[in-house]
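1. Sequence and computational prediction follow.
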Amino acid sequence: MAFCLLLTALVLALLPALRAGAAPAPGPTVALSRGEGGTGGEITVSGAGWKPGALLMLLICGQAEPGKGVIGGTNSCANTEGRAATVDAEGAFSRRMPVAEPPRPCPCVVHVAGVTGRQDVVDVAFTVAGHPVAPLPEATGDGRLAVLASARLDGSSGVLVWFGAPAAREVVFTVGNLGRTAVKNPVFQVGTSHGVFSAQYEERRWRGTVGPGGKARIRLPVELPAGAHGDYRVSVRYAGEVLVEQPWGVGRPWGVTLFWVLLALVVPAALFRAGMTVVDRTRPSGDVRAAGRPRPGPVPGHRRRRARLHVFPRSRRPVPAADDAPTTALPWFAPDSAPSENSPTTKGQA
């Protein structure tokens, strides 16, 4: 018993040391076949530790460093020469991509970001030969936020949106603090525009703190008016500068059209049935109408005719005589012995 207690105490004493010495779970990593290349060449980008089956986006971006991210988001990247890669079952990938000059000066990185599933981002330093080099924007005394990764819209439409309910999403993006002071509870302006109309902005406060040189993922709600459909554009501003612009296509609420079609068919039918019911209940009966109105007399100048139907037994039906049938004399009278007024018959006389 004493030995068991001593062993338990020893394990409890060594447990914090074992936890401290345990290696952290490895995260996603990216490796390049070479760290420098010129326009027209190719490099091989490989990685490990990624989520199996995830879709990745590979870009060469300017005005970026691995520790600070891509300042300006994908607007600083060579998007037309980007490539996509799919992670295999073991969490690894390998993809060849061309070397292209980004629209912003170097320092440059190869930017690998998850498109679906877990949104992991890894930046690896890369030098584009012959591309201009400029220092990153200097840190100012006040906190200044900049977008470090591409934005997206999260969420889905419910059944009520099909009947004209307001569509709602969340705009998600990553910002970095380029200033020397922390930014606490920043206030963003979120607006939506449609067609040629300008965006109408509403203030959205994000609760949190972004320290100097730090970054944070921002999620802001955005909602369209009821019945809205078509192509919209979501914009996010901070300190008078537009940080994010994201397109948003909204389908037509066909449920509203179906409702009006059914209403146009049902309402007239219901009114017609209600009117016929009122007519049946308010009109007088047949006896009341006969007692209240005199019977119409015969029309002058016309004689009412009645067709009489004579029914005769089968044995007494008259048989029309034919004109060409011969006349047959009775057998008990001879032509000369037929009785007449002048010569009465003498039959039966003595």
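-> Everything's here; your move. Numbers count the residues shown, from 1 in each chain.
2. gap between the two ends of stretch 70-84?
-> Start-to-end span of stretch 70-84 (C-alpha to C-alpha, to the nearest Å) is 18 Å.
3. chain center to that stretch, what's the gap?
-> Averaging C-alpha positions (C-alpha atoms, centre = their mean, to the nearest Å) puts stretch 70-84 30 Å from its chain's average.
4. And the average pLDDT for that stretch is what?
-> The pLDDT scores in stretch 70-84 average 85.
5. mind listing the helices in the protein by residue range?
-> Using DSSP state H, the helices of the chain run over 2-21, 254-282, 286-292.
6. Which other helices and strands does the second one contact?
-> Translated: helix 254-282. Contacts defined by 3 or more C-beta pairs under 8 Å, 6 or more residues apart in numbering; DSSP states H and E place helix 254-282 against no helix or strand at all. C-beta coordinates here come from the backbone N, C-alpha and C atoms, glycine included.
7. average pLDDT for that helix?
-> 83.
8. where in the stretch 1-150 of the chain is pLDDT low?
-> For the stretch 1-150 of the chain, applying pLDDT under 70 flags the ranges 1-26, 116-119, 138-143.
9. quick one, what contacts the residue nearest to Val147 when sequence neighbours are not counted?
-> Using C-beta to C-beta, 6 or more residues apart in numbering and skipping residues adjacent in sequence, the residue nearest Val147 is Gly73, 4.2 Å away. Shown in contact with Gly73 (C-beta atoms under 8 Å, 6 or more residues apart in numbering): Val147, Leu148, Ala149, Ser150, Ala151, Phe173, Val244.
10. And the fifth one, what's its pLDDT?
-> Looking at Ala151, its pLDDT is 82.
11. what's near enough to touch it?
-> Contact analysis of Ala151 by C-beta under 8 Å, 6+ apart lists Gly73, Val171, Val172, Phe173, Val236, Val244, Gln246.
12. can you put these in CSV and add distance to Leu271?
-> Shown next, in CSV, are the contacts of Ala151 (distance: C-beta to C-beta, whole Å):
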residue, distance to Leu271
Gly73, 59
Val171, 48
Val172, 52
Phe173, 55
Val236, 51
Val244, 53
Gln246, 49
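13. Of those - the most surrounded one?
-> Val236 (25 neighbours; other C-beta atoms under 10 Å).
14. Double-check that one against Val171; I have them as touching.
-> Yes: taking C-beta atoms under 8 Å as the definition, Val236 is a contact partner of Val171 at 6.1 Å.
15. what residues are shared contacts of the two?
-> Ala151, Val190, Leu220, Val244.
16. residues touching the last one, list them.
-> Pointing back at Val244 there. Gly73, Val147, Ala151, Val171, Phe173, Val234, Ser235, Val236.
17. Not including adjacent chain positions, what is the nearest residue to the last one?
-> Once flanking residues are discounted, Val236 sits nearest to Val244: 4.1 Å by C-beta to C-beta, 6+ apart.
18. and the gap between that neighbour and Glu223?
-> Distance, Val244 to Glu223, using C-beta to C-beta, to the nearest Å: 16 Å.
19. residues near Val187, how many?
-> Neighbour number of Val187 under other C-beta under 10 Å is 10.
20. residues in contact with it?
-> Counting by C-beta under 8 Å, 6+ apart, Val187 has contacts Glu203, Arg204, Arg205, Trp206, Tyr238.
21. Go again with 10 Å.
-> By C-beta atoms under 10 Å, 6 or more residues apart in numbering, the contact list for Val187 reads Glu203, Arg204, Arg205, Trp206, Tyr238, Ala239.
22. Serialize these to JSON lines and add fields for distance to Asp123.
-> Output for the contacts of Val187, formatted as JSON lines (distance: C-beta to C-beta, whole Å):
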{"residue": "Glu203", "distance to Asp123": "32"}
{"residue": "Arg204", "distance to Asp123": "28"}
{"residue": "Arg205", "distance to Asp123": "29"}
{"residue": "Trp206", "distance to Asp123": "24"}
{"residue": "Tyr238", "distance to Asp123": "23"}
{"residue": "Ala239", "distance to Asp123": "25"}
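23. Between these, which sits nearest Pro66?
-> If you rank these by distance to Pro66 using C-beta to C-beta, Tyr238 comes first, at 24.2 Å.
24. mind checking how far the closest one is from Ala31?
-> Tyr238 sits 35 Å away from Ala31, going by C-beta to C-beta.
25. which of the two has more neighbours?
-> Shown here are Tyr238 and Ala31; by other C-beta under 10 Å, Tyr238 has more neighbours (20 against 12).
26. Report pLDDT for the more buried one.
-> Note on Tyr238: pLDDT of 88.
27. Equivalent analysis for Ala321, please.
-> For Ala321, the predicted pLDDT is 55.
28. All good on my end, thank you.
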